[in-house]
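**Q** give me coordinates for this.
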Amino acid sequence: MTRASLDKQPHEVAAMFDDVAAKYDLTNDVLSLGQARLWRKAVARAVAARPGEKVLDLAAGTGTSSMPFTADGAYVVPCDFSVGMLREGKKRHPWLPLTAGDATRLPFADDVFDAVTISFGLRNVQETDTALRELLRVTKPGGRVVICEFSHPTWAPFRTVYTEYLMRALPPVATAVSSNPDAYVYLAESIRAWPDQAALAARLQQAGWSKVAWRNLTGGVVALHRGIKHAA
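**A** Predicted coordinates:
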């Protein structure tokens, strides 16, 4: 079994997700107490893909997160650097143009996509700021980014309960439902170490995104960040 460390070496992270690919979506539904599906719906509303638009879904895994964009009539490119996840996605959605790619060196030309989005994947990228600049590079002027990522609950008593869940309850639940429970120990640690809402917004702005804003989901357990690429 494989788990990554918090220095997020790319080969360790990719191998970890290769290990959990088969049960990844089921495990997420269980560990999030069913909230994962609601979060995906919130992302789809925030992206607001229109027919004919090109959408990059980065860290798409098995392609589950890409399905709402295809339903809206957009041309979506699911991209991930875990070959195991992509292979599992190809079994389930053989028509999707699943693409292998590193968030810090995206295999796309400049100014291609109307919208770019990444859900629960930015936290796993070793060079976060490089990835944010790469997302900007491949987005058309006037295009938009939506980032859905675990964040920091805003109500202190709830934050305490949530931290206890992450460090105490999550590992045994993962042992019951996941093919690689150790990967979910990394998940808990990486969530605790991730910047809060305002800090991530600042990093988006520093990467060149404008009109950056966020809103909390599930009391700040998750945050949706949005930004616009300034039109030339």
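
**Q** ok so H152 is a strand residue?
**A** No. Applying DSSP: H, G, I helix; E, B strand; the rest coil, one finds H152 to be coil, outside a strand.

**Q** and it, what pLDDT?
**A** Here, the pLDDT recorded for H152 equals 88.

**Q** could you do V20 as well?
**A** Model confidence at V20 (pLDDT) stands at 54.

**Q** what comes up buried for the helix or strand hosting M67?
**A** M67 belongs to helix 67-71 when assigned by DSSP states H and E. For helix 67-71, burial by neighbour count (16 or more other Cβ atoms under 10 Å) applies to M67, P68, F69, T70. C-beta: built from backbone N, CA, C; applies to glycine.

**Q** before we move on, what about stretch 47-60?
**A** Neighbour-count burial for stretch 47-60, counted by 16+ other Cβ under 10 Å, picks out V47, A49, E53, K54, V55, L56, D57, L58, A59, A60.

**Q** ok, stretch 80-92 next?
**A** D80, F81, S82, G84, M85, L86, E88, G89.

**Q** among those residues, which ones are in helices?
**A** Among the buried residues of stretch 80-92, the ones falling in helices (DSSP state H) are G84, M85, L86, E88, G89.

**Q** between those, which is nearest D196?
**A** Distance to D196 across these (Cβ to Cβ) is lowest for M85, with 27.8 Å.

**Q** low pLDDT regions in the chain?
**A** Where the chain drops to pLDDT under 70, the residues are 1-34, 165-167, 169-171, 173-184, 232.

**Q** and with 50 instead?
**A** 1-6, 21, 30 (pLDDT under 50).

**Q** just give me the residue closest to the centre of it.
**A** In the chain, the residue lying closest to the centroid (Cα atoms, centre = their mean) is S119, at 2.2 Å.
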